[in-house]
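Enquirer: Fold the stuff below for me.
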Amino acid sequence: MGVDTRGRRRGAALLLSLASVGGLGIGAGPAEAAEVAVQVPAAIFTVDAAALAAEREDAKALDRARDALSRAGSRPLYAPAASEELALREAALEAIERNIAVRRARITRTAADRTLDEARAVFDPVFAALFNATLIDRFRRVETPDREFKPATERVPVGQTDSKGVFRCNPETIIQAGGSVALTQGPDAGVACHVITFEPRSPVIATQFTRERPAGFYPGSRIDASDPSPFEPRHQDSLTFGISLFQQLPWGHALSLAVSTRREETYYPLNQFNGLPETFGNYARPYFSTITLGATIPLPYTRDFGPTATADTNLRIAREGIEAAELELRATVNATLLDVDTVYWVMVGALQRLIATEQTLAVAIRQRAVVRRLFNEELVTASDRDQAESQVARIQTALQARFREYVNASEAMRELLDRTDPSLIVPVGYRAVLARALETVDDEDRILDNDSYRRQAVAVRIAQIRQEQRRDQTRPDLTGSFNASFAQSGVYGYRSAADSLLNLLSPDALSLSFALTYLYPIGNRAVHAAHRGAVHETSRQTLLLRQLELEVRETFRSAHATLESARRRIAITERALGLAEKTYQRSRRLQDEGLVAVYESLTLLTDLLDARVDLIQARIDARIAESQMLASVSALAERYGRRTAQTNADAARVDLLSATGALTHLGGPL
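Expert: Next up is the predicted model:
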């Protein structure tokens, strides 16, 4: 009886062993690769067609997992029915193309170019044109007031003096300063005088009237309100056309050149001898020209002298702004690629864990079916059956969790790429990247190549330029100006504008002038306040640079430690997986001999699954840490040029350009 029971147990163990073959790939031969419709020479493209077919076959585990969870009565997390393949190359390019932060950085770069053009335009020559027409007529204006007020005369009896004491009335003709005055005629003749007296300092002391005049308004007399001088023209027509050029020079200097031509016709009053108007146009020579040269020169060690002049400072800042915008764009691309790398590897890890769990679940289901049949044949106990049921339920729960993790990773990638279509993203082409050796950076000083750090260094330089400008603006504002004018003037000009312009160097008048202008606001508080503000801004930007350096160093050290830890975890989990496989194989042999119960083999099966999941996670963590380390020194974008090359020729070209320094970031020349 005992012999029969032992033989039955050996037969059950044999059935379990046969059920395990091909499920986990342990001891089994390589799976057959899917047929490829078109055979591509392997030496051309970097993607292995067989590996791509295997990845597509692995992606079918998503549908199988969904169906398995549905058949088991579980409610898997909702996932879109449609799926779409996505390689790492396409993910990176699409993220750079559609990411809002990258698009904003590109606009900033374009705006920096326009700012530089605006700063350079200050040094472009400025052309100005002037046209002026003038008409002058001078007229004689005569006014006749309607009524004017006149004071009353004073009655001075003969032999007496007026009230002011300046006039004495005599019966005979009285001789006074300023002329003779006749006695009054009329009823008061020989009795009184009627006079109006003035101040003693007046050239006329008094005016005597023949009769009394009461105060009041009397008809006015005609007066000349405007009478042009006979030496001024009565009529003058003038047409002036001029052009000028202004050139701003470095260090605050400026030059100007102006040329003007005037056509002028002038008519004087009638000649008293011949009765005809005299004019400049009698000889048809009405054209006059003038050329003026000017220069503005800030004196040395003054406010607007030197490289801190306003135009020069704006140009320097605009050039720094170009570099800042370029570094900002590269930092944004670097951060975007890090996000793509992180989410992509999380998605790949979720898919591989799902595949491992799905394969383990298939083996556990077959084991459960065999155990149920053996239990019906009373070859195993109820405890063995319950162990098989619990292990299947546990793995189904793990499968549901793995499926949820993958859907979450797919949604994260869809949001990162700013996609609106509901589809499940399936990674492809990742095996070749996983097969590459991990890359590490041991030189910590390479963090100084970080684009964000260099962008902040540019901000410090801009703040220093502003500080220098504000400092120099506290100097005295002393500017010298020089002007030289060659003018044609006189009674007669030239017959034509061309003749006038050709004779500019034979002027009728030459004038030279030099002026110094000193400007000083009382207290000069605005300039000193701006200088203090610039000093504080420089200190703030310097502290931000130091803070960013510490953050980048911490990120580099953390990524370096994580990468080294992941490498050791890979080695440890590989050994643990080997031990789990050996233990599982040994348990199967012991089952064949009837020395190990079924539940022990099932427990080792879940341990084997845990070992596989740990190894997958360690490899994914290593890839993420590698990306973080490369991103901390801004080398991730450069590496992507090699990673995303589609052909071996492109990969070799990228390697050559990287070695010569011609390729600096993704999107550079290929």
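Enquirer: okay, now the residue nearest to residue 418 when sequence neighbours are not counted: neighbour count?
Expert: Nearest residue to residue 418, sequence neighbours excluded (Cβ to Cβ, 6 or more residues apart in numbering): residue 98, at 4.7 Å. Using the backbone N, CA and C atoms, a C-beta is placed for each residue, glycine as well. Look at residue 98: counted by other Cβ atoms under 10 Å, it has 13 neighbours.
Enquirer: wait, doesn't residue 98 sit right on residue 415?
Expert: No: if you go by Cβ atoms under 8 Å, residue 98 and residue 415 don't touch, sitting 11.2 Å apart.
Enquirer: Pull up the gap between residue 531 and residue 313, please.
Expert: Computed as Cβ to Cβ, to the nearest Å, the residue 531 to residue 313 distance reads 14 Å.
Enquirer: what's the overlap in contacts for the two?
Expert: Residues touching both residue 531 and residue 313 by Cβ atoms under 8 Å, 6 or more residues apart in numbering: none at all.
Enquirer: about what we covered before: next one: the residue nearest to residue 418, what pLDDT does it get?
Expert: Per-residue confidence (pLDDT) for residue 98: 82.
Enquirer: how about low-confidence regions in the stretch 151-300 of the chain?
Expert: Counting by pLDDT under 70, the stretch 151-300 of the chain contains low-confidence residues at 171-190, 228-234, 266-284.
Enquirer: what are the ranges of the strands in it?
Expert: 154-157, 174-176, 179-181, 192-197, 206-209, 216-219, 223-226, 235-248, 254-270, 277-279, 287-298 (DSSP state E, counting those that start in this stretch).
Enquirer: tell me the angle the longest one makes with strand 235-248.
Expert: Calculated by axes from the mean of the first three to the mean of the last three Cα atoms, to 10 degrees, strand 254-270 forms an angle of 180 degrees with strand 235-248.
Enquirer: Show me what strand 254-270 is packed up against.
Expert: Under the contact criterion of 3 or more Cβ pairs under 8 Å, 6 or more residues apart in numbering; DSSP states H and E, strand 254-270 touches strand 235-248, strand 277-279, strand 287-298, helix 497-502.
Enquirer: so what secondary structure elements neighbour the first one?
Expert: For strand 235-248, the packing partners by 3+ Cβ pairs under 8 Å, 6+ apart come out as strand 126-137, strand 254-270.
Enquirer: now the angle from it to strand 126-137?
Expert: Strand 235-248 and strand 126-137 meet at an angle of 170 degrees, taking the same axes, to 10 degrees as the criterion.
Enquirer: in strand 235-248, what's buried?
Expert: Neighbour-count burial for strand 235-248, with 16 or more other Cβ atoms under 10 Å as criterion, is recorded at 235-240, 242, 244, 246, 248.
Enquirer: wait, which of these is closest to residue 613?
Expert: Using Cβ to Cβ, residue 248 comes nearest to residue 613 of the buried residues of strand 235-248, at 70.1 Å.
Enquirer: how about the residue nearest the centre of the chain, phi and psi?
Expert: What sits nearest the mean C-alpha location of the chain, by Cα atoms, centre = their mean, is residue 108, with 2.8 Å. The phi/psi pair for residue 108 (degrees, to the nearest 10) reads phi -60, psi -40.
Enquirer: wait, what's in contact with the closest residue to it other than its chain neighbours?
Expert: Leaving aside its sequence neighbours, residue 108 sits nearest to residue 325 (Cβ to Cβ, 6+ apart; 5.0 Å). Shown in contact with residue 325 (Cβ under 8 Å, 6+ apart): 105, 108-109, 111-112.
Enquirer: Can you tell me which of those comes closest to residue 201?
Expert: Closest approach to residue 201 among the contacts of residue 325 (Cβ to Cβ): residue 111, at 78.7 Å.
Enquirer: Give me the distance between that closest one and residue 318.
Expert: Going from residue 111 to residue 318 by Cβ to Cβ gives 11 Å.
Enquirer: the more surrounded of those two?
Expert: Remark: of residue 111 and residue 318, residue 318 carries more neighbours, 18 against 12, as counted by other Cβ under 10 Å.
Enquirer: residues contacting that one?
Expert: 112, 115-116, 118-120.
Enquirer: any idea of the mean pLDDT for the helix or strand harbouring it?
Expert: In this structure, residue 318 sits in helix 310-376 according to DSSP states H and E. Average pLDDT, helix 310-376: 88.
Enquirer: Off-centre distance for that helix?
Expert: Chain-centre distance of helix 310-376: 29 Å, with Cα atoms, centre = their mean, to the nearest Å.
Enquirer: for the stretch 51-200 of the chain, what spans make up the helices?
Expert: All helices of the stretch 51-200 of the chain, identified by DSSP state H, counting those that start in this stretch, fall at 61-71, 88-98, 100-121.
Enquirer: all helices of the stretch 351-500 of the chain, in order?
Expert: Here the stretch 351-500 of the chain has its helices, by DSSP H, counting those that start in this stretch, at 382-416, 431-435, 451-472, 497-502.
Enquirer: tell me how far the longest one is from the chain's mean position?
Expert: Here helix 382-416 is found 48 Å from its chain centre; the criterion is Cα atoms, centre = their mean.
Enquirer: in it, what's buried?
Expert: 384-385, 387-388, 391-392, 395-396, 398-400, 402-403, 405-407, 409-414, 416.
Enquirer: Mind giving me the packing neighbours of that helix?
Expert: helix 61-71, helix 310-376, strand 424-428, helix 598-632.
Enquirer: Tell me which of the ones you listed approaches residue 478 most closely.
Expert: Ranking the helices and strands packed on helix 382-416 by distance to residue 478, with Cβ to Cβ as the measure, places helix 310-376 first at 15.8 Å.
Enquirer: and the angle from that closest one to helix 100-121?
Expert: Going by the same axes, to 10 degrees, helix 310-376 makes 170 degrees with helix 100-121.
Enquirer: still on that earlier bit, TSV for the helices and strands packed on strand 254-270, including distance to residue 166?
Expert: TSV is the format used below for the helices and strands packed on strand 254-270 (distance: least, Cβ to Cβ, whole Å):
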stretch	distance to residue 166
strand 235-248	50
strand 277-279	50
strand 287-298	59
helix 497-502	65
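Enquirer: Which one of the ones you listed lies nearest to residue 508?
Expert: For the helices and strands packed on strand 254-270, the distance to residue 508 is smallest for strand 287-298, at 8.5 Å, taking Cβ to Cβ.
Enquirer: Determine the set of other helices and strands touching that closest one.
Expert: Using 3+ Cβ pairs under 8 Å, 6+ apart, the elements in contact with strand 287-298 are strand 254-270, strand 477-487, helix 497-502.
Enquirer: let's see it at 10 Å
Expert: Judged by 3 or more Cβ pairs under 10 Å, 6 or more residues apart in numbering; DSSP states H and E, strand 287-298 is in contact with strand 235-248, strand 254-270, strand 477-487, helix 497-502, strand 509-519.
Enquirer: Reformat those as TSV; add distance to residue 576.
Expert: As requested, the helices and strands packed on strand 287-298 are exported to TSV (distance: least, Cβ to Cβ, whole Å):
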stretch	distance to residue 576
strand 235-248	74
strand 254-270	79
strand 477-487	78
helix 497-502	97
strand 509-519	81
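Enquirer: Out of these, the one nearest residue 58 is which?
Expert: For residue 58, the closest of these is strand 235-248, at 67.6 Å, according to Cβ to Cβ.
Enquirer: Between strand 287-298 and the closest one, find me the angle.
Expert: Counting by the same axes, to 10 degrees, strand 235-248 lies at 30 degrees to strand 287-298.
Enquirer: Confirm for me that residue 422 is in contact with residue 415.
Expert: No: contact between residue 422 and residue 415 fails when scored by Cβ atoms under 10 Å: they sit 11.9 Å apart.
Enquirer: phi, psi of the closest residue to residue 221 other than its chain neighbours?
Expert: Spatial nearest neighbour of residue 221, chain neighbours left out: residue 144 (7.3 Å); criterion: Cβ to Cβ, 6+ apart. Backbone geometry at residue 144, expressed as degrees, to the nearest 10, gives phi -130, psi 100.
Enquirer: contacting residues around residue 144?
Expert: By Cβ atoms under 10 Å, 6 or more residues apart in numbering, the contact list for residue 144 reads 219-223, 225.
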